[in-house]
Each structure stands twice: as C-alpha cells, then as structure tokens.
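Peer 1: Give me a model of this one.
(2 chains)
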Amino acid sequence: MSDSEMPHRTWWQRYHVAAIGWTGLLFVLLIVSANMTNVDPGMFLSNFDQFLSLLLQMSHPNWGYLHLILQPLYETIQMAILGTTIGTLLAVPFSLLAASNLVTNALLHNLIRFFLDLVRTLPDLLLAAMLVAIFGIGSTAGVITLSIFSFGVVSKLFYEVIETIDMGPLEAMKSVGASKITIIWYAVLPQILNQFVSYFLYTLEINVRASTVLGYLGAGGIGVFLQRSLGELNYDNTAIIVLAMLVVVLLIDGISNHLRRVLL
Amino acid sequence: MQTTLSKQLVPHPFWRRWQWLVWLILVAGVYSWAVGGLQFAGIKDSAADVSRSIINGLLHPDWAYVYNGSGEDLSSLILQTLAIAFLGTFVSAFISVPFAFWAARTTQEHYHLRSGSGKVVLTLIRTFPEIVLAIMFIKAVGPGSYAGVLAVSIHSVGMLGKLFSESLENMDRGAEEAILSVGGTRPEIFMLATIPTIMPEFISYTLYCFEITVRSASILGMVGAGGIGAPMIFAIQTRNWPRVGIILLGIVLMVLLIDSLSEQLRKKLV
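Peer 2: This next block holds a predicted model:
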C-alpha cells in the first residue's frame, strides 16, 4: 500500500484546532459574562448568614395561613384550565394552516409559522405585566396571558404531529371528491386526536406552573399572595405558599401523566 | 384459556358502553368548576384607551434607548441578560451531571431507590418557583445580575438533570462493554466510553436549556435580579409605551437569534 492511500489527518485535526478553538471561545465568553454580571463567589459566602436566616425562617412554615390561600390556589388551577383550553382551541386552525402536508402553499405556512415563532418568544410574565395594564389586576389578565402563551406552545406541537400523519386516508377521500372540511374531520382528526389530548394535558402542566407566579404581577391566583408575603418579609408565609404550590403542581402533573399514559 | 384472556383484556361491557358518559360528566364538571370559580371583574373602562396607546407605542419604539452609552441602555442590558443566561446555564450543566447519574435508572438496581429519590429531588427543584429563588439569592448577594445567575443555575438543574438522566438511561452501552471485555477498569470505562458517548447529547441539551434560560433571564429583572426585566417592568408601570415597544422588540430579536443559532449548533451535534 502506498503512503498516499493511508488515511492521514490534516494538521488541524492532529492538533485538535477545532476543539481548542471552541474551548477557548467558551472561556472567553465565560470571563466576559462573569465580568458583566459582577459574579463574586466571596460575596455569597460573606453574606451567607443572611441567606441562612432566610432559610431558617422558611423552614418554619406558618400552617395557620393555609386556609387563607386555598381559594387563590383553586383560582390558579381554574386560570390554568381556562387559559389552556382557550389557547388550544385557537391553536387548532393555526396548526392546520402551518402543517406543510395540508397547506401546500409554502408562503402561507411559512408566514403562519413565523407568526407562531414570534408569539413563542414572549415570556409569560412579560405578557402578564402588559395585560394587567390593559385589563386591570385580576384573573382576567391571567387567563388571557395563559391563552396566548399556550397558543404558542400548543400550535407548534400540533403542527408537528399533523405533519407525521398517514396521507393514505386523505388521498382516498380526495379521490372520491370530499371537501376540505370533510377530509379534516374524517381523515385528519381521528389520526391525531389522542396526541392532541395528550399535548393539551402537557400544556396544562406547564400552565399550572406558570399560573402560580403570574399573580406576582397582579394577574390573579396564588402569586398575589406570594408577592404580598415576600413584600412584607413574612417568609414563614412564603414557605407555606411555596409548599402549597409544590403540592398542586405535583398533583396536576401526576393526574395528567396518568391520563396521558391511558391515552397513548 | 382463550376466554379468560379475553376477559382480562376487554373491559366490562357496561363500562365500555357508558365510558364516554362518565368522561363527559367529569370534563363538564371540571369546566363548570373552572368557569364558575373565576370572578371576571369585567374589562376596565380605560382598556380601549390603554390598548390604543400600547399599540401606538409599540409602533413608534423609542429608538434613542437602543444605545446611549450609559450602560443602562437596551443593548448593554440585553448583553447582560445573555451573560446571566450563559453563565447560569454553564454552571447548571456542571451541577446537573452528578444529579443525572443519581437519577438515571440502571439495570443493576432492584427497587429503584437511588434513581427514584434522585427523580423526586429533580422534580422538587423544577417545581420551586424561579422568582422565589431569585428573591432568596437577592437576600444573599444583593440585587443585581449575580443573584440572577445563581437563581438560573439552581433552577435549571431541575430540567437539565432530568434530560441528562434520560439520555443516560437510553445511551448506547456498546463502547462501555467493549472496554469492559478487554479488561478496562471502571474509571477507564467512564473516561473512554461513557463520557465520549454521552457528550454530544449533553451539549445539545445544554444548548436547548440555554434557549429557555434566555427567556427566564429576561424576566428575572422584574424582581431585581438583573438584566432587561427591570427597565421593562418600570416602563410598563410608568406607562412609557414607546420604551416598552423597543424593549419588547429587543427581547423578541434576542430570543429569535439565540433560538436559530442554537438550533444550527444542535443540528451539527446530533
């Protein structure tokens, strides 16, 4: 075998130029970030007693406060359920239009997708802050925030599901002259209904988490009480609120996980 | 045999016939509870005016705020937000690795005590509200982006640890077995087989986590943990809609840019 047929590594492969370059870039970015954010590990240690006293206070939850926060906890779940439902209902037509196998017009489905991408870039708390300014303090702003937020999440999940369906039944119906709506109703929906419900439940989980903090900016639910207790420095109340949030989120997660397992 | 099997598999005919009704009643009950429980205070009279001025403000963003050299302008605060997210994700990726090994279910384990407890801990971290974490760290290090970095790096462990442990559970064990078969020790197996096999997936998940962290870093400022969130909430409270418009534009552009960049990198990796 001649020397030229032997596999050989170029010099940048031999000296790992790419790997070293990436590592160097990573370190430069880390140092720049650390400078920009004034990270100082010593400060954390020197103020550790303050942090510890906070933790100590939080480790004695004020159980007497529990009956006061039950109602806002229910409100949190109700907001999540309504917001997810409205968002999902809005998402269905958009996800049908964004699926490349149903809408052959590339301009249309790319336009819709770009719109959905834009909606998804907005953080939920930011939306809540703006909607509170419009609709006033209360759960209305929360429900609308969650509707917009879940609209963004669900529509992407939905159109990705729609793109994986079996096109056979669609073509069969088209060949006998069915209308677009009939095709969607009888050939598309039955194939994706289970996954739709599963994703709806998944989004509900995300929304319950989100809706616990939305109230921090005045959008209803338990977050209002969270903000109040933190503002009044009543960390024993904060602790019980956080505990209640954990229980509710775990409960909803458990129910939704179980239902999804049954469905799929 | 055939009949007993079919009895086990097929639900009771009564249940099968009336299943839909039970579900319908359940769903209707949940929705009537949800709708009935909420008090809709109605829309404020000023809502139309406010929305009009918001739309007007969003259409005429305050371009002067983009850069004014004070260090408190949009571009420097956006960079600060990215720095918080970057540093937080990096630290969190390191913390997540031991958690991932703790929570990953392996075949040697009998009762899943170790992995089960790890999964519970990760769920608890994931569920703990990030805002409360940020406020706790503000107590420790004072308001500013350092508190944001700490909050992000702890909170992201919940998600990254879960993703990492799942990729450990599903990883290809071929390379590990090959080294074991020629007499490699455990540290050797770990360094030469486990790490190289799992690394691309870990990096890919870290990038994905960075995308999400950028979003949360941009709102942490609302409680005083640095980044673009603080001027945002201030502008909303003072009804300075042109300012809100430009900040919103900045956040949207930043998120879109980071998402597409990270997607490109992840495509290369996997």
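Peer 1: what about stretch B:235-245, distance to the chain center?
Peer 2: From the chain centre to the centre of stretch B:235-245 is a distance of 27 Å (CA atoms, centre = their mean, to the nearest Å).
Peer 1: same question, stretch A:182-195
Peer 2: With CA atoms, centre = their mean, you get 25 Å for stretch A:182-195.
Peer 1: That stretch and chain B, are they touching?
Peer 2: No. On the criterion CB under 8 Å from any CB of the partner chain, stretch A:182-195 is out of touch with chain B, staying 13.2 Å away. Any C-beta I mention is one placed from the backbone N, CA and C, and that applies to glycine too.
Peer 1: From the rest of the structure, what touches that stretch?
Peer 2: The contact list for stretch A:182-195 (CB atoms under 8 Å, 6 or more residues apart in numbering or on different chains) reads A:96, A:102, A:158, A:161-162, A:165-166, A:169-170, A:172-174, A:178, A:263-264.
Peer 1: mind listing what's buried in the host helix or strand of residue B:26?
Peer 2: Assigned by DSSP states H and E, residue B:26 falls within helix B:13-37. Buried residues in helix B:13-37, defined by neighbour count with 16 or more other CB atoms under 10 Å in any protein chain shown: B:34, B:37.
Peer 1: and what of stretch A:85-94?
Peer 2: A:85-88, A:90-92, A:94.
Peer 1: how about residue B:84, phi and psi?
Peer 2: In terms of degrees, to the nearest 10, the main-chain angles of residue B:84 are phi -60, psi -50.
Peer 1: From chain A, how far off is it?
Peer 2: 6 Å (CB to the nearest CB, to the nearest Å).
Peer 1: what's the burial count for that residue?
Peer 2: Neighbours of residue B:84 under the rule other CB atoms under 10 Å in any protein chain shown: 36.
Peer 1: what do you get for residue A:38?
Peer 2: For residue A:38, the count of nearby residues is 15 (other CB under 10 Å).
Peer 1: what residues are up against residue A:29?
Peer 2: residue B:86.
Peer 1: The one 10 residues further on now?
Peer 2: For residue A:39, the contacting residues are B:87, B:146, B:149, by CB under 8 Å, 6+ apart.
Peer 1: Okay, now the unreliable bits of the stretch 1-150 of chain B?
Peer 2: For the stretch 1-150 of chain B, applying pLDDT under 70 flags the ranges B:1-11, B:40-44, B:109.
Peer 1: near chain B, which residues of the stretch 101-250 of chain A show up?
Peer 2: A:117-118, A:121-126, A:129-130, A:133-136, A:138-140, A:143, A:209, A:212-213, A:216-217, A:220, A:226, A:230, A:238, A:242, A:245-246, A:249-250.
Peer 1: List buried members of these by neighbour count.
Peer 2: Buried among these (16+ other CB under 10 Å): A:117, A:121-126, A:129-130, A:133-136, A:138-140, A:143, A:209, A:212-213, A:216-217, A:220, A:226, A:230, A:238, A:242, A:245-246, A:249.
Peer 1: Go ahead and confirm residue A:209 touches residue A:246.
Peer 2: No. Using CB atoms under 8 Å, residue A:209 is not in contact with residue A:246, being 10.4 Å away.
Peer 1: From the centroid of chain A, which residue is nearest?
Peer 2: residue A:206 (5.4 Å; CA atoms, centre = their mean).
Peer 1: For the residue lying closest to residue B:154 once chain neighbours are set aside, grab the count of nearby residues.
Peer 2: Of all residues not flanking residue B:154 in the chain, residue B:133 sits nearest, at 5.9 Å (CB to CB, 6 or more residues apart in numbering or on different chains). A count of nearby residues for residue B:133, using other CB under 10 Å, gives 23.
Peer 1: and the residue nearest to the centre of chain A, helix, strand or coil?
Peer 2: Classification of residue A:206 using DSSP: H, G, I helix; E, B strand; the rest coil returns helix.
Peer 1: Which strand or helix spans the closest residue to it other than its chain neighbours?
Peer 2: Leaving aside its sequence neighbours, residue A:206 sits nearest to residue A:153 (CB to CB, 6+ apart; 6.6 Å). In this structure, residue A:153 sits in helix A:139-162 according to DSSP H and E.
Peer 1: ok, residue A:78 - contacts?
Peer 2: Contacts of residue A:78 (CB under 8 Å, 6+ apart): A:139, B:33-35, B:37-38.
Peer 1: Could you do residue A:165 as well?
Peer 2: Counted by CB under 8 Å, 6+ apart, residue A:165 has contacts A:101, A:188, A:191-192.
Peer 1: now do 10 Å
Peer 2: By CB atoms under 10 Å, 6 or more residues apart in numbering or on different chains, the contact list for residue A:165 reads A:99, A:101-102, A:187-192, A:195.
Peer 1: which one among these gets closest to chain B?
Peer 2: residue A:190 (15.2 Å; CB to the nearest CB).
Peer 1: so is the one residue sitting closest to the centre of chain B in a helix, a strand, or just coil?
Peer 2: By CA atoms, centre = their mean, chain B has its centre lying nearest to residue B:212, at 5.0 Å. At residue B:212 the chain is in helix, as set by three-state DSSP.
Peer 1: what about the residue lying closest to it once chain neighbours are set aside, helix or strand, and which?
Peer 2: In space, and not counting its chain neighbours, residue B:212 is closest to residue B:159: 7.3 Å by CB to CB, 6+ apart. If you go by DSSP H and E, residue B:159 is part of helix B:145-169.
Peer 1: In chain A, spot the helix with the most residues.
Peer 2: Secondary structure of chain A per DSSP state H: the longest helix is helix A:66-98.
Peer 1: Would you tell me what the next helix or strand after that one is?
Peer 2: Next along from helix A:66-98, by DSSP H and E: helix A:106-121.
Peer 1: picking that back up, in helices, which of the residues of the stretch 101-250 of chain A next to chain B fall?
Peer 2: A:117-118, A:121, A:124-126, A:129-130, A:133-135, A:139-140, A:143, A:209, A:212-213, A:226, A:230, A:238, A:242, A:245-246, A:249-250.
Peer 1: Which residue, other than its chain neighbours, is closest to residue A:62?
Peer 2: In space, residue A:62 is closest to residue A:236, 4.0 Å off (CB to CB, 6+ apart).
Peer 1: Any figure for the gap between the one you found and chain B?
Peer 2: For residue A:236, the distance to chain B - CB to the nearest CB - is 14 Å.
Peer 1: Identify the residues contacting that residue.
Peer 2: Residues in contact with residue A:236 (CB under 10 Å, 6+ apart) are A:57-65, A:229.
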